[in-house]
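Asker: starting from these lines, generate the structure:
(chains A, B and C)
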Amino acid sequence: MALEDRRLGAAMFAPAAAYIALLIGGPFVLAVMYAFTDARIGTQGFHYVGLENFRSILQSPSFHAAVRNSIVFTVVAQIIIIVCSTVLSIALEKPFRGRKLVRFFILLPWVVPISLGAIGWKWILDSIYSVITWVLVWAHIYTPYSAPMWLGEPHLAMTSVILVHCWRLIPFSTVIMLAGLTAIPKDIPEAAAVDGAGFWRRMFWIDIPMMAPIIWVAVLFGTIFTFTDMTVVYILTAGGPFDSTQILPLLAFTTGIQGSDLAAGAATSLFLVPVLVLIAYFMLHAARRAEVT
Amino acid sequence: MAVVETRNLVKVFKQGELGAVNNVNLETREGEFLVLLGPSGSGKTTLLRMIAGLETPTSGEIRIGGEVVNDLTPRERGIAMVFQSYALYPHLSVYDNISFPLKAQKVPRPQHRQKVEWAAELLGIKHLLTRKPRQLSGGERQRVALARAIVREPRVFLLDEPLSNLDAKLRASAREELEQFHDRIKTTTIYVTHDQVEAMALGERIVVLHQGEVRQIGTPKEVYDQPADTFVATFLGSPPMNLLEFSDVIVGFRPEAFLPAPLVPGAAAVEFRYRVNYVEYLGAERVLYGSLEDAGFESKEIVSRLSWTMPSGYDAGTVHDFSVHEADLRFFDKKALKRAQPRPYPWR
Amino acid sequence: MAPPLVRKIAGRALHVGVVLVSVVLLAFPFYWMVVATFKQNIDLYNTDNNPFKFNLPPTLDHLKLLFFETRYVRWLGNTALVGVLVVAITLALALPAAYALARLTGRWGERMGIAIFLTYLVPPTLLFIPLSRIVALLGLQDTIWSLVLVYPSFTVPFSIWLLMAFFKSIPKELEDAAMVDGLSRFQAFVKLVVPISTSGILTVVIFTFTLVTQEFVYALTFISPESQQMVGVGIPIFLVRGDVYFWGSLMAACLITSIPIALLYNAFLDRFIAGFTVGAIK
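Answerer: A predicted model of the protein is given here:
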């Protein structure tokens, strides 16, 4: 490899690298720094306060709720998403009339800006005007004013948040899994048919195991998108009622930006890191395995 | 072990277009190794897939062991197939690949190990049972594919160009192994290939296909020596048969029959004046590319094949007398391109 | 075992059922947006009325309100401007970087590629706090320039990935031939590779644009005044007067903003998937 090429390569790569270092690396380091200081919005300087921020955060009940919810929402949502998108991707695998149109409609939740999808759901889940309520009343399951408040009762609110996340990510996972399914060489299902495997056996013993790396990718991305997302909860419930839908990113926002306590906000958001590191590890592991194959 | 029959089998992919398979009638013999030979697009793979149950015929019947199988799924036909790419399940070990058909057919578990080991033993891959397909060489994968096919003891074997993914050197030894394999298990086998050398070496009978139609069915000797039409004549044999066109007949003779005149003595020899233009030296033989100097042939290009035992001296630029024995001439009707009776030489 | 025909029909029914249910559940909110956009308020807010059909004739009032009495159009303009600028910056940074990673480096290239990928794992909800401070220090608070500065941080990594995969699929021989003919490597890049990569570039453009319109956290954090806001934040936050949600106009805004994005995204779907899965499928 020519030296000149090497230098050119570095030169072409440098601007992007510099930008990323400055706008991701830098702030990340700053976040860590702030967590150990008393930085506030509006004041210029800040001083080192050691683990003070972490101490007070760890004692806050909101924080406990946030950690618990962040994990629960993400895990439950991922399970639902993976099951549903596996089923859906299998259903969409064989071409049929109108498949392109179906794909368009199915993708809408993912494609649309998160905030707009969320606000659409807010309207659907509205305590008075909810269309779900209307249908349940019409089916005589509830009387007009006894219907549950979908976003107003703690457990229902949690369910609603999880469901909106699923609604948004099932299309994404489905589409990724479809790619995995279509990547299976055509003669493998044929060989399975010749070997005597029926539809279900083929699905569970051949197709799905062969899709495993792809399912893994979908899970990892889906986890990031759910775990680090603030928008859905912000718009639907703002963390309420009574912190039942509080999550780490939102808590960081409320404390850091709305509450002006940059340091506490930064410290809170740092609790996202362990999970992200875990995910990064798995992704690298998967990438390495893909190289080997 | 069963006889495979097709009757008036037709497959049309697009309405109005020529069929991929046009009215094919064939019948294997019990335990036979039958080769479907033809260039790409001849319909041989489509034909095989229809027999397997992976494609539905447009019309016609397929019978295995006497029963009509048109409506049966592949699994119900009692066949096994080896795909061109082997189609091994990448996430399963060799053992699990081979036992998969047993699991799928709900063979009781205790019998699995014994059967898998029998198949593996037969193909010499017992030492590979714990490996994954990606750890195997091309030849080893092929053997695993065969083991997987044979473990169910099917009544018919279908092979779709299984040697084409191997490199040239390996192909010859793999071919030999296939022959021995067939000798041992004697299951009716239908083998698809475009390689006429492979077909001649392996086949007990060859079905020559062209554009979806059967041109000839016969033993290697029959299709080589007595081709039914000009397609078969030129498809088999490399270099192909030399063909001379006249107003109502085509006369053909194989390069190895076109020899220096002294080597074809007797009154039945037909003589030509031959200018050698180019020589390929291939070790055991020499291939001469030249043209006929006789009047009326307009330097028609003719190929000759000399074995290494024959004298040298036939170099580029030289002109010699070359002859063909009468008995080695093949006549083809000009219009139908089909084999015709010998007739007086048109140029005499 | 039921006879084959019954099994076949049952299988078909299951298949159709799954697809239909999925479409309904996933696309329903959009149907709902359409209805709410055109329903008169009296109809909309009457819980006795069937919500699925128009009990009173449809109206354009919500749309009128949206376009003439709110800052919606302004938000669209802001978003479009930010989008265009961010696309330009992203292309300027990502094109050369992706080419460098695809062509000019060996193992190093793989490592850098993975490193770029990993930055994707650092979310806005972690960086927004220090970034808010940086933005304030630079005096970009409350302006769209804060977003123009920060947005490439999430558009560039993915774009590099996408373009890297794209460049790798272009045969090396093309540039080799050009260099033998006398072009320098960089000239080959500019004059040969870039022009034939239009579809890859287009994908990046569309994708970057949709990412810009979807972003919420940074826009919410850095920009307060209504007139400077992006459409993704403006709609849920500012289409509310006091405690009253103007649902009709809200839904109208959602619908109008979503449709073009959906159409664009859908057209380029296969490329996006390739970007995500480039590691996992060989």
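
Asker: which residues of chain B lie near chain C?
Answerer: Where proximity means Cβ under 8 Å from any Cβ of the partner chain, chain B presents no interface facing chain C. All C-beta atoms are positioned from the backbone trio N, CA, C, and that covers glycine.

Asker: give the next helix or strand downstream of the lengthiest strand in chain B.
Answerer: In chain B, with assignment by DSSP state E, the single longest strand is strand B:269-281. Toward the C-terminus, strand B:269-281 is succeeded by strand B:285-292 as the next helix or strand (DSSP states H and E).

Asker: identify each buried residue in that following strand, please.
Answerer: B:286, B:287, B:288, B:289, B:290, B:291, B:292 (16 or more other Cβ atoms under 10 Å in any protein chain shown).

Asker: do the same with stretch B:173-181
Answerer: Per 16+ other Cβ under 10 Å, stretch B:173-181 contains these buried residues: B:174, B:175, B:177, B:178, B:181.

Asker: I'd like the buried residues of strand B:285-292 written out as CSV, with distance to residue C:56 and pLDDT added.
Answerer: Below are the buried residues of strand B:285-292 laid out as CSV (distance: Cβ to Cβ, whole Å; pLDDT from 0 to 100):
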residue, distance to residue C:56, pLDDT
B:286, 96, 93
B:287, 91, 94
B:288, 95, 94
B:289, 90, 94
B:290, 95, 92
B:291, 93, 91
B:292, 96, 90
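
Asker: pick out the most distant pair among those.
Answerer: B:286 and B:292 (18.6 Å; Cβ to Cβ).

Asker: partner strands of the longest strand of chain B and their direction?
Answerer: Taking DSSP bridges as the criterion, strand B:269-281 forms sheet pairs with strand B:285-292 (antiparallel), strand B:319-325 (antiparallel).

Asker: pick out the residue of the stretch 101-250 of chain B closest to chain C.
Answerer: residue B:134 (10.7 Å; Cβ to the nearest Cβ).

Asker: hang on, that residue in a helix?
Answerer: Yes: looking at residue B:134 with DSSP: H, G, I helix; E, B strand; the rest coil, it is inside a helix.

Asker: okay, now it: neighbour count?
Answerer: 11 (other Cβ atoms under 10 Å in any protein chain shown).

Asker: same question, residue B:297
Answerer: Neighbours around residue B:297, by other Cβ under 10 Å: 15.

Asker: how about the one 4 residues further on?
Answerer: Neighbouring residues of residue B:301 were enumerated by other Cβ under 10 Å; the total is 11.

Asker: wait, residue A:86 touches residue A:208, no?
Answerer: Yes: counting by Cβ atoms under 8 Å, residue A:86 does reach residue A:208; the two are 6.9 Å apart.

Asker: between those two, which is the more surrounded one?
Answerer: Taking other Cβ under 10 Å, residue A:86 and residue A:208 do not tie; residue A:86 has more neighbours (21 against 17).

Asker: following the helix or strand encompassing the more buried one, which helix or strand shows up next?
Answerer: Under the criterion of DSSP H and E, residue A:86 resides in helix A:61-91. Counting by DSSP H and E, the next helix or strand C-terminal to helix A:61-91 is helix A:99-111.

Asker: overlap in contacts of residue A:86 and residue A:208?
Answerer: When contacts are counted by Cβ atoms under 8 Å, 6 or more residues apart in numbering or on different chains, residue A:86 and residue A:208 have residue A:215 as shared neighbours.

Asker: pLDDT weak spots in the chain?
Answerer: Picking chain A for this. A:1-4, A:287-293 (pLDDT under 70).

Asker: meant chain B actually
Answerer: In chain B, residues with pLDDT under 70: B:1, B:344-348.

Asker: ranges for the helices of it?
Answerer: Here chain B has its helices, by DSSP state H, at B:44-52, B:94-104, B:109-123, B:138-150, B:168-185, B:196-202, B:220-225, B:230-235.

Asker: list the buried ones in the fourth one?
Answerer: It refers to helix B:138-150. In terms of neighbour count (16+ other Cβ under 10 Å), helix B:138-150 has its buried residues at B:139, B:140, B:141, B:142, B:143, B:144, B:145, B:146, B:147, B:148, B:149, B:150.

Asker: show residues contacting that helix.
Answerer: A:195, B:80-83, B:86-88, B:94, B:97-98, B:100-101, B:116, B:119-120, B:122-125, B:128, B:133, B:136, B:157, B:162-163, B:165-167, B:170, B:173-174, B:177, B:181, B:185, B:187.
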